[in-house]
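*Asks:* Just a sequence and a predicted model for now, questions to come.
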Amino acid sequence: MGLELFLDLLSQPCRAVYIFAKRNRIPFELRTVELLKGQHHSDAFAQVNPMRQVPALKDGDFTLAESVAILLYLSRKYQTPDHWYPQDLQTRARVDEYLAWQHTALRYSCTRALWQKVMFPVFLGEPVPPEMLAATLAKLDRCLQLLQDKFLQDKAFLAGPHISVADLVAITELMHPVSAGCRIFEGRPKLDAWRLRVEAEVGEELFQEAHALILKAKDLPPADPSIKQKLRPLVQVLLQ
Amino acid sequence: MGLELFLDLLSQPSRAVYIFAKKNRIPFELRTVDLLKGQLVSKEFLQVNRFQKIPVLKDGDFVLAESVAILIYLSLKYQTEAHWYPTDIQTRARVHEYLGWHADCIRGTFGVLLWARVLAPLIGAQVPEEKVGHNRTSMDQALQQLEDKFLGDRPFLVSNQVTLADLMALEELMQPVAVGYDLFEGRPRLAAWRTRVEAFLGAELFQEAHSRILNILEQMANKTIPVPPPEAHPTMLKRIARIT
């Protein structure tokens, strides 16, 4: 059995891994783990990743979780072009800096923006208090401003003149609030221009393919009661 | 000007960077950014780091934030011993796997007790006991996963030798210890791991790096602890508000 990638394209880090693998023509078997059906909590999947999270990778006997670890592993094993995770010390450090920051900052806001604006009310049939949503969106706003003004600044891509895994991680993250209907690029011309550059580098077809599912999130039919019951405790934390 | 490291040893990631640099005899100028004196929010520091966070590295014109990025940069630039950031593809992946999980489950969790017992009261704020209780549960869960998934039967977290993962983890775990919660008690495997890491780093370096944090309760009691100035309060209050 060759490389297997356990993904749900509903998840931001899964999309980053998917795009990276496809863009670099890395051969893999896609193993879809449907989060909304609670499949990440199955015993079978626990064998792959006892932390019950996607993305996860299985390469022979070697299993690996955490999207950054997976992206870096793939870039090294398949010797992808240097710009994705550069050898140059300072450029690499810029990629590392972004990858570290985003984990505790942007991820938090983008996940909550989608869940509080769309997934709770539409999928789980549970509207979220307006003050909570407003606070989440304000926080998201601040994060996006930081992303544009402090990370991107006047560069073409986040780590410099060329696209890297940092840009993939960032763009897939931003598509979460975009899918929730947040107009995050309005009033942010630098970020908007960057977004177009990233999409062009990824390729429009692949970009659309990776985001088809999340862009339809707001059209999801309401979850049936058994799913609701299963999922609800797992997503409680997203209301904090 | 050579390498400069902007740190406050009160902070977990600052200690990780400090210890790494010292242990590897990397020459640097220590630039203390005193959190309690509000130096983080000073105009001078904003010039250094637009993110107003520590630790920060300055190498000539090159300015770098985020402890993980700094540790990797230092390990590669100064070609530190391979065990810190192993070259073997799978072991290196395990270090990054740990660091990813650490960002979610350790960072932000293990600093809460210091905020609750020392930093919030210093500025007249309060962290409700309910949240402290909730934080204790989060720490317990994280420690269980740390032991079971990352340590297992190994001497160190992801390998048979000390890696960046061990350093980052230990510094976070020391934070509640400094405020009186001995989380190693009743956890012999983790306690043994801690002893091994400490032994590797050397008692002298370990003492030096931890004297500031380990004295914090005493300073509170003696009222010799500086009270953060008003300009530091907004950032501190924002942090306190994020505690769930």
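*Replies:* All right, it came through fine.

*Asks:* How about the contacts made by B:Phe206?
*Replies:* B:19, B:198 (Cβ atoms under 8 Å, 6 or more residues apart in numbering or on different chains). Any C-beta I mention is one placed from the backbone N, CA and C, and that applies to glycine too.

*Asks:* May I ask which helix or strand encompasses it?
*Replies:* Element membership of B:Phe206 [criterion: DSSP states H and E] is helix B:203-214.

*Asks:* Could you list the contact residues of chain B toward chain A?
*Replies:* Chain B has residues B:50-51, B:62, B:64-70, B:72-73, B:76-77, B:89-90, B:92-94, B:96-97, B:99-101, B:103-104, B:107-108, B:145, B:149, B:244 near chain A, with proximity defined as Cβ under 8 Å from any Cβ of the partner chain.

*Asks:* Narrow these to those in strands?
*Replies:* B:62, B:64-65 (DSSP state E).

*Asks:* Export those residues to a markdown table and append columns for neighbour count and pLDDT.
*Replies:* Shown next, in a markdown table, are these (neighbours: other Cβ atoms under 10 Å in any protein chain shown; pLDDT from 0 to 100):
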| residue | neighbour count | pLDDT |
| --- | --- | --- |
| B:Phe62 | 13 | 96 |
| B:Leu64 | 21 | 97 |
| B:Ala65 | 22 | 96 |
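
*Asks:* number of nearby residues for A:Glu29?
*Replies:* 11 (other Cβ atoms under 10 Å in any protein chain shown).

*Asks:* for it, phi and psi?
*Replies:* Dihedral angles of A:Glu29 (phi, psi; degrees, to the nearest 10) stand at phi -90, psi 130.

*Asks:* That one contacts A:Leu7, correct?
*Replies:* No: contact criterion Cβ atoms under 8 Å: A:Glu29 and A:Leu7 do not qualify, at 10.7 Å.

*Asks:* Which residues outside stretch B:213-232 are in contact with it?
*Replies:* Against stretch B:213-232 from outside (Cβ under 8 Å, 6+ apart): B:9-10, B:15, B:34-38, B:40-41, B:114, B:117-119, B:122-123, B:174-175, B:178-180, B:236.

*Asks:* Would you mind giving me the ChimeraX syntax to select the buried ones in those?
*Replies:* If you want just the buried ones from the contacts of stretch B:213-232 in ChimeraX, going by 16 or more other Cβ atoms under 10 Å in any protein chain shown, the selection is:
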select /B:9,10,15,35,36,38,40,41,114,117,118,119,122,174,175,178,179,236
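
*Asks:* among the contacts of stretch B:213-232, which are in helices?
*Replies:* In helices, defined here by DSSP state H, the members of the contacts of stretch B:213-232 are B:15, B:114, B:122, B:174-175, B:178, B:236.

*Asks:* ok, how many other residues are close to the residue in chain A positioned nearest to chain B?
*Replies:* In chain A, the residue that lies nearest chain B is A:Glu66 (3.1 Å; Cβ to the nearest Cβ). Neighbour count for A:Glu66, taken as other Cβ under 10 Å: 28.

*Asks:* For the closest residue to it other than its chain neighbours, give me its contacts.
*Replies:* Distance criterion Cβ to Cβ, 6 or more residues apart in numbering or on different chains; nearest residue to A:Glu66, sequence neighbours excluded, is B:Gly100 at 3.1 Å. Shown in contact with B:Gly100 (Cβ under 8 Å, 6+ apart): A:65-69, A:103.

*Asks:* got a winner among the residues you listed for most neighbours?
*Replies:* Result: A:Ser67 is most packed of these (other Cβ under 10 Å), 31 neighbours.

*Asks:* Surely that residue and A:Arg15 touch.
*Replies:* No: A:Ser67 sits out of contact with A:Arg15 when judged by Cβ under 8 Å, with a separation of 9.4 Å.

*Asks:* what about the helices in chain A?
*Replies:* Going by DSSP H, chain A shows helices at A:12-23, A:43-48, A:67-77, A:89-104, A:106-114, A:130-146, A:165-179, A:189-202, A:204-215, A:225-235.

*Asks:* tell me the contacts of the residue lying closest to A:Pro81 once chain neighbours are set aside?
*Replies:* Spatial nearest neighbour of A:Pro81, chain neighbours left out: A:Asn24 (7.8 Å); criterion: Cβ to Cβ, 6+ apart. If you count contacts by Cβ under 8 Å, 6+ apart, A:Asn24 has them with A:74, A:78, A:80-81, A:84.

*Asks:* Per-residue pLDDT of A:Thr32, please?
*Replies:* Model confidence at A:Thr32, given as pLDDT, is 96.

*Asks:* Beta-bridge partners for it, please?
*Replies:* A:Leu7 (DSSP bridges).

*Asks:* can I assume it is in contact with A:Leu5?
*Replies:* No: using Cβ under 8 Å as the test, A:Thr32 is too far from A:Leu5 to be in contact (9.6 Å).

*Asks:* higher neighbour count, these two?
*Replies:* A:Leu5 (23 against 14).

*Asks:* Return the residues in contact with the residue lying closest to that one once chain neighbours are set aside.
*Replies:* Spatially, and ignoring its direct neighbours in sequence, A:Leu5 is nearest to A:Phe28 (4.9 Å; Cβ to Cβ, 6+ apart). Listed by Cβ under 8 Å, 6+ apart, the contact partners of A:Phe28 are A:2-5, A:21.

*Asks:* of those, closest to A:Leu220?
*Replies:* Using Cβ to Cβ, A:Leu5 is the member of the contacts of A:Phe28 that lies nearest A:Leu220, at 23.5 Å.

*Asks:* Tell me the pLDDT of residue 87.
*Replies:* Since you didn't name a chain, this refers to chain A. According to the per-residue confidence, A:Gln87 scores 97 in pLDDT.

*Asks:* think we crossed wires, I meant chain B
*Replies:* The confidence metric pLDDT takes the value 97 at B:Thr87.

*Asks:* Just give the number of residues close to it.
*Replies:* 8.

*Asks:* Could you check how far it is from chain A?
*Replies:* B:Thr87 is 10 Å from chain A, where distance means Cβ to the nearest Cβ, to the nearest Å.

*Asks:* For that residue, which three-state class applies?
*Replies:* coil (DSSP: H, G, I helix; E, B strand; the rest coil).

*Asks:* if we can go back for a sec, would you mind identifying the next helix or strand past the helix holding B:Phe206?
*Replies:* Following helix B:203-214 in sequence, per DSSP H and E, is helix B:216-222.

*Asks:* Report the buried residues of that following helix.
*Replies:* Those would be B:216-217, for helix B:216-222 by 16+ other Cβ under 10 Å.

*Asks:* got the CA coordinates for it in PDB?
*Replies:* What follows is helix B:216-222, C-alpha atoms only, in PDB (Å, rounded to 0.1, in the frame of the first residue of the first chain):
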ATOM      1  CA  ILE B 216       7.800  34.500  41.600                       C
ATOM      2  CA  LEU B 217       5.600  33.300  44.500                       C
ATOM      3  CA  GLU B 218       8.200  34.500  47.000                       C
ATOM      4  CA  GLN B 219       8.300  37.900  45.400                       C
ATOM      5  CA  MET B 220       4.500  38.000  45.600                       C
ATOM      6  CA  ALA B 221       4.600  37.200  49.200                       C
ATOM      7  CA  ASN B 222       7.400  39.800  50.000                       C
END
